[in-house]
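# generate coordinates for the sequence data below:
(4 chains)
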Protein chains: 2
Amino acid sequence: MRPGPRRSLTHAEILEAAFDLLEAKGFAAVSVRGVAGSLGITPTALYTYYPSKRALLRGMIEHLLARLEVSAAEGDKPVEVAGASTVDGVRARLVHVALALRELLTGHAGALELIMSGPLDGPNAMRLNEALLESFTASGLALDDAARAAHALQAYALGSIALESAEVDVEADAATSEPPLMTDVPGAALWTDLARFPLSEQSAAVAAQRSSTAQFVWGVERLLDGLLARG
Amino acid sequence: MRPGPRRSLTHAEILEAAFDLLEAKGFAAVSVRGVAGSLGITPTALYTYYPSKRALLRGMIEHLLARLEVSAAEGDKPVEVAGASTVDGVRARLVHVALALRELLTGHAGALELIMSGPLDGPNAMRLNEALLESFTASGLALDDAARAAHALQAYALGSIALESAEVDVEADAATSEPPLMTDVPGAALWTDLARFPLSEQSAAVAAQRSSTAQFVWGVERLLDGLLARG
DNA sequence: ACCTGAACACCGTTCAAGT
DNA sequence: ACCTGAACACCGTTCAAGT
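Got it, this is the predicted structure:
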């Protein structure tokens, strides 16, 4: 179509190859050499498109967040309660955005490491932030408080997802069964001494369900309780 | 003192060297080769003490969390309000623990990456969890809810610290002034088009203060509002 | 039992050279 | 203008060999 492309690759093609690698072999496989290799070019040729690996990762984060559903699409969750339908709808939208972020990051292997690998300051991260600000101001918060609330909700969501994925990792390790690691670190001898932590032991059943969507939403709801409280 | 040490090093000495490296040169410098080199031994000798780099990092996490002040030390914050002094004291303790965790992780360069590099399931992580469970049950929550609340608070704290440190990174990068990265990624042309995000622009002043302790505590307080709410 | 040296299969990045 | 090849200074991990 074009008179003749100066470059053999588009950024979109490079990012696609990078995500294929991420999905297939995990975050560690997304190396400059690996991405270049899967595109049939030399590692140094990739530096023509991105000035550093960090820049490549930033491009990937943007590409990922572009798929985040953030707008106030109707029919998400019809409000059935009579009365303050607007506020309830806004609240449902906030929960929806948090859940969408969680699904985006738990759906792609290595996506969390990607997000955590750099600051969230690209246009799509700002789109997310703007959507949260809209929702919080729409539910009656002053702009300053809305900004703090948006930040708090993002912090909870990212931290929650990070804790989840760390626990998934340990389940995967359980198969290889690492040795108990009895070291001379203070307290390390008690590694499996659950009796020292009676409440943790008793609540083990709940702890086992931490990776569930319900747990995530429960936390979002409690945070929103605090953030949206008035009078 | 001892009849004759079989090993030339203790785990404590190795961890100390590893933390010196972490503090001095950041997380990337904490390599098997780097730690071994700073101890005057060969990389392979380190595998006598830790079976993998991952095991070394787990040891470091435990070492770090051992320094976390988690107990109900008196005089932290004398309750001045008459009335429900116990509950207020418990709440103050929760804020205190969250702040202590934040100071621990922002105080040591690379400590967050360390924490995020694996699951939080060592004895000192359990000590933290147990302390949170005690506080939440003491303020009237059922054990199930207390477990969920403890998890939510840890999620918020870790996520908040992660967002902070990512922003610190970008400030450091501002000096080297990376090019604006005009790519053909959808939306990337709007990278600096703040006008598209009016609320984000207006609240930029608040956003600039995100790395403050006050912002962190505000979020903890709002979360606790939701978690501790009754009737 | 502890440690070394050599090796394997990787990294991100730079730079002179080709077309 | 785009790309290659060689090189630099690194990784984590394994394994035979020494003491």
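
# contacts only, for A:K25.
A:G34 (C-beta atoms under 8 Å, 6 or more residues apart in numbering or on different chains). Using the backbone N, CA and C atoms, a C-beta is placed for each residue, glycine as well.

# roughly how far does it sit from chain B?
Using C-beta to the nearest C-beta, to the nearest Å, we find A:K25 at a distance of 18 Å from chain B.

# show me what counts as buried in the helix or strand in which A:A12 is found.
If you go by DSSP states H and E, A:A12 is part of helix A:11-25. Counting neighbours by 16 or more other C-beta atoms under 10 Å in any protein chain shown, one finds that the buried residues in helix A:11-25 are A:11, A:14-15, A:17-19, A:21-22.

# C-terminal to the top helix by length along chain A, what's the next element?
Taking DSSP state H as the criterion, chain A has its longest helix at helix A:143-176. Proceeding C-terminally, helix A:143-176 gives way to helix A:198-202 as the next helix or strand, assigned by DSSP H and E.

# for that following helix, C-alpha coordinates in PDB please.
Output of helix A:198-202 as PDB, limited to C-alpha atoms (Å, rounded to 0.1, in the frame of the first residue of the first chain):
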ATOM      1  CA  PRO A 198      -3.000 -19.600  66.600                       C
ATOM      2  CA  LEU A 199      -5.100 -17.100  64.800                       C
ATOM      3  CA  SER A 200      -3.400 -17.700  61.500                       C
ATOM      4  CA  GLU A 201      -3.900 -21.400  62.000                       C
ATOM      5  CA  GLN A 202      -7.500 -21.000  62.800                       C
END
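
# what mean pLDDT does it get?
Helix A:198-202 comes out with an average pLDDT of 89.

# related to what we said a few turns ago, of the buried residues of helix A:11-25, closest to A:D88?
Top of the list for closeness to A:D88, among the buried residues of helix A:11-25 and by C-beta to C-beta, is A:F19 at 36.6 Å.

# touching, A:A131 and A:V97? I think so.
Yes - contact criterion C-beta atoms under 8 Å: A:A131 and A:V97 qualify, at 6.3 Å.

# identify the contacts common to these two.
Here A:A131 and A:V97 have A:V70 as joint contacts, going by C-beta under 8 Å, 6+ apart.

# what does chain A have sitting close to DNA strand C?
When proximity is defined as C-beta under 7 Å from any atom of the strand, chain A approaches DNA strand C at A:29, A:31-34, A:43-44, A:47, A:52-54.

# show me what contacts the closest residue to A:L56 other than its chain neighbours?
Take A:L56 and drop its neighbours on the chain: the residue closest to it by C-beta to C-beta, 6 or more residues apart in numbering or on different chains is A:Y50, 4.4 Å away. By C-beta under 8 Å, 6+ apart, the contact list for A:Y50 reads A:14, A:56, A:59.

# still on that earlier bit, now the residues of chain A next to DNA strand C as TSV including neighbour count?
Below are those laid out as TSV (neighbours: other C-beta atoms under 10 Å in any protein chain shown):
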residue	neighbour count
A:A29	16
A:S31	15
A:V32	15
A:R33	10
A:G34	17
A:P43	13
A:T44	9
A:Y47	15
A:S52	11
A:K53	15
A:R54	14
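
# save those as JSON lines, and put in pLDDT too.
JSON lines is the format used below for those (pLDDT from 0 to 100):
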{"residue": "A:A29", "pLDDT": "94"}
{"residue": "A:S31", "pLDDT": "97"}
{"residue": "A:V32", "pLDDT": "97"}
{"residue": "A:R33", "pLDDT": "97"}
{"residue": "A:G34", "pLDDT": "97"}
{"residue": "A:P43", "pLDDT": "97"}
{"residue": "A:T44", "pLDDT": "96"}
{"residue": "A:Y47", "pLDDT": "96"}
{"residue": "A:S52", "pLDDT": "96"}
{"residue": "A:K53", "pLDDT": "95"}
{"residue": "A:R54", "pLDDT": "93"}
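
# just send those residues back as TSV, with distance to DNA strand D and secondary structure too.
Putting the residues of chain A next to DNA strand C into TSV (distance: C-beta to the nearest atom of the strand, whole Å; DSSP: H, G, I helix; E, B strand; the rest coil) gives the following:
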residue	distance to DNA strand D	secondary structure
A:A29	14	helix
A:S31	11	coil
A:V32	10	helix
A:R33	9	helix
A:G34	14	helix
A:P43	7	helix
A:T44	3	helix
A:Y47	8	coil
A:S52	14	coil
A:K53	13	helix
A:R54	16	helix
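
# which one of those residues is nearest to A:A149?
Using C-beta to C-beta, the residues of chain A next to DNA strand C come closest to A:A149 at A:R54, 30.1 Å.

# doesn't A:L114 make contact with that closest one?
No - assessed by C-beta under 8 Å, A:R54 is found out of contact with A:L114, at 11.5 Å.

# pick out the residue closest to the middle of chain A.
A:L105 (4.0 Å; C-alpha atoms, centre = their mean).

# what parts of chain A come near DNA strand D?
Within reach of DNA strand D by C-beta under 7 Å from any atom of the strand, chain A has these residues: A:6-9, A:41-45, A:48-49.

# which one of these has the most neighbours?
A:Y49 (21 neighbours; other C-beta atoms under 10 Å in any protein chain shown).

# what sits against that residue?
By C-beta under 8 Å, 6+ apart, the contact list for A:Y49 reads A:7, A:9, A:11, A:14.

# repeat that for A:L224.
A:91, A:94-95, A:153, B:226 are the contacts of A:L224 under C-beta under 8 Å, 6+ apart.

# let's see that with 7 Å instead.
Neighbouring residues of A:L224 by C-beta atoms under 7 Å, 6 or more residues apart in numbering or on different chains: A:91, A:94, B:226.

# nearest residue to the first one in space, please, no chain neighbours.
This points to A:R91. The shortest distance from A:R91 to any non-neighbouring residue, by C-beta to C-beta, 6+ apart, is to A:L224 (6.0 Å).

# pLDDT weak spots in chain A?
In the predicted model of chain A, residues A:1-6, A:72-85, A:167-194, A:206-207, A:209-211, A:230-231 satisfy pLDDT under 70.
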